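Chemist: model the following, please.
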Amino acid sequence: MGMKIKIIKKFFLIIFIFLFTNIFVLSEEIYFEKFVSSYILVNNQPKYYYLTYENKQITGFFIESIEWTDEKIKGYAGNINLQIYFSLDGKIKNIKVIEQYETKKYAKDVFEEKYLSQYYNKDNKSQFILGEDIKAISGATISCNAVNEIIYQCVNNVHKYIIGKKIIKKDFSLRISKIEILKTLTLYILFFMSIYGFLYNLKILRYITMCITIVFLGIMYKGGLSFGHIQNFLYLNFTSISNIFIWSLFMLVIITTLIFGRLYCGWLCPFGAVIELLFDLKRYIEKRYKKTLGKEIEFEIIEDKKIVKSLRKYESFYRYIKFFLIIIILISPSLILIEPFQYIFYITQTEIKFVIYLLLILIICIIFVRLWCRYLCPLGAFLGLFSKISFLNLQILQEHCFRCEICKTICPTNAIIEKNNKLQILNTECILCNKCRQNCGPQNIKIVKKLQH
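Modeler: Have a look, this model is predicted:
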């Protein structure tokens, strides 16, 4: 078993070295334009647009069609989402396809440059009539109609709400709005609360922070940090320096992980907070309405369950799934869709198949606490690499440990393992929730410097 694990570790190390070497080679060949996001309110709903600029001069802007149509327009097989680029006078400059599920055999040409270029230089005064000024593709009538209607509605709405109201000015400066500053200050306060709560082992502060982060990073910011953000940074696709919120979020997560470990995962991840609170709610209902051997228990002795026994038995292998997902997502970026963060906080705009996927993940995580975090979360895996070299760690002091294994049982990510007849904490898996510290009778789990290990 030990030899197999070593071979797997070496295999993943070779893949990572190869992959990241190629990332930097590829980054020299790929051009990433600079843009700044902004939005307008239409019927109290934000509609986002993105300003492109060069040498502090706005060169144009682009939108995502899914946010700018009057209704949800689908093709033959599902959603179609286009990135439509405009000049400052509202003429179409370019169109890129973000999402489409049409049958390749019939509709492939609809999403090629040759077909989409028919819309270039059109504005709200142009005609969008298939068969006349827009040539349709035989056998792909439904897809052509959907694309045409999407572009038509987007052009009209852009002229109505942006061009017509002269919202965009040509001169561009990296001014930071008061709202951006307020959001960023709130973010710093949340991180301070998390650090303080972790260091002083304040259980109530953790739950307060988790509730706030669901509202702030989840509902308001639509999901918090995603591996998609990490992906953009790895490919050197940086956001504008004026977007201090996302820069602050990224840097705070990395810095706190390097100092403490996966603090973000245990205290500030909105999805992690949701699935843990749902699990706690399930436990409360069980304790309130269900008798377990005639006793009320503080925690569930999960070793008696056959499925959980199996999970624990092969835990060292299951943990590699999330690292494998990192590699897959970096190779095929569209697979970032496996992250459920976006669906739970965009639930009203999510397709039914992704809602079903989200519900499946939530149900599994209600049955098995933080199972997503343990085996599937690519962001958690990435931060785990940093936490391996973190300055501070939680450590079980062996001289006072009488091996009751309460800490091992109660750990939500199974980060406490037995090695050489001693209980040890895996820093790569520990989310610093402090549950082991709070339930250790002799108070035998301490925060120590890495050098003391």
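
Chemist: okay, now Ile195: neighbour count?
Modeler: The number of residues packed around Ile195, counting by other C-beta atoms under 10 Å, is 17. Bear in mind the C-beta positions are built from the backbone N, C-alpha and C, glycine included.

Chemist: ok, it to Ile181 distance?
Modeler: Going from Ile195 to Ile181 by C-beta to C-beta, to the nearest Å gives 21 Å.

Chemist: shouldn't Gln438 be in contact with Asn201?
Modeler: Yes: Gln438 is within contact range of Asn201, at 6.6 Å (criterion: C-beta atoms under 8 Å).

Chemist: next helix or strand past the helix or strand containing Ile195?
Modeler: For Ile195, the host element (DSSP states H and E) is helix 178-199. As assigned by DSSP H and E, the chain's next helix or strand after helix 178-199 is helix 203-213.

Chemist: how about the contacts made by Tyr188?
Modeler: For Tyr188, the contacting residues are Ser248, Leu252, by C-beta atoms under 8 Å, 6 or more residues apart in numbering.

Chemist: contact partners for Tyr120?
Modeler: Contacts of Tyr120 by C-beta under 8 Å, 6+ apart are Lys91, Ile92, Lys93, Asn94, Ile95.

Chemist: what's the answer for Asn427, then?
Modeler: Contacts of Asn427 (C-beta under 8 Å, 6+ apart): Gly261, Ser387, Lys388, Ser390, Asn393, Leu394, Ala415.

Chemist: give me the buried subset of those.
Modeler: Gly261, Ser387, Ser390, Asn393, Leu394, Ala415 (16 or more other C-beta atoms under 10 Å).

Chemist: so Thr69 is in contact with Cys154, correct?
Modeler: Yes: contact between Thr69 and Cys154 holds when scored by C-beta under 8 Å: they sit 6.3 Å apart.

Chemist: who has more neighbours out of those two?
Modeler: Set Thr69 next to Cys154 and count neighbours by other C-beta under 10 Å: Cys154 wins out with 23 against 19.

Chemist: where does the stretch 351-453 of the chain dip in pLDDT?
Modeler: 450-453 (pLDDT under 70).

Chemist: before we move on, what about the chain?
Modeler: 1-37, 56, 167-178, 237-242, 290-312, 450-453.

Chemist: residues contacting the nearest residue to Ile137 once chain neighbours are set aside?
Modeler: In space, and not counting its chain neighbours, Ile137 is closest to Asp109: 5.3 Å by C-beta to C-beta, 6 or more residues apart in numbering. Going by C-beta under 8 Å, 6+ apart, Asp109 touches Tyr115, Ile137, Ala140.

Chemist: what segments of the stretch 251-400 of the chain are strands?
Modeler: Taking DSSP state E, counting those that start in this stretch, the strands of the stretch 251-400 of the chain run over residues 392-396.

Chemist: partner strands of the helix or strand harbouring Ile447 and their direction?
Modeler: Here Ile447, judged by DSSP H and E, is contained in strand 445-449. Strand 445-449 pairs in its sheet with strand 392-396 (antiparallel), by DSSP bridges.

Chemist: contacting residues for the most centrally placed residue in the chain?
Modeler: By C-alpha atoms, centre = their mean, the chain has its centre lying nearest to Ser226, at 2.3 Å. Each residue near Ser226 by C-beta under 8 Å, 6+ apart is listed here: Ile336, Glu339, Phe341, Gln342, Leu379.

Chemist: same question, Phe245
Modeler: Glu180, Lys183, Thr184, Leu187, Tyr221.

Chemist: what comes up buried for stretch 183-190?
Modeler: By 16+ other C-beta under 10 Å, the buried positions in stretch 183-190 come out as Lys183, Thr184, Leu187, Leu190.

Chemist: likewise stretch 58-70?
Modeler: For stretch 58-70, using 16+ other C-beta under 10 Å, the buried residues are Ile58, Thr59, Gly60, Phe61, Phe62, Ile63, Glu64, Ser65, Ile66, Glu67, Trp68, Thr69.

Chemist: any chance of these in CSV, with secondary structure too?
Modeler: Below are the buried residues of stretch 58-70 laid out as CSV (DSSP: H, G, I helix; E, B strand; the rest coil):
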residue, secondary structure
Ile58, strand
Thr59, strand
Gly60, strand
Phe61, strand
Phe62, strand
Ile63, strand
Glu64, strand
Ser65, helix
Ile66, helix
Glu67, helix
Trp68, coil
Thr69, coil
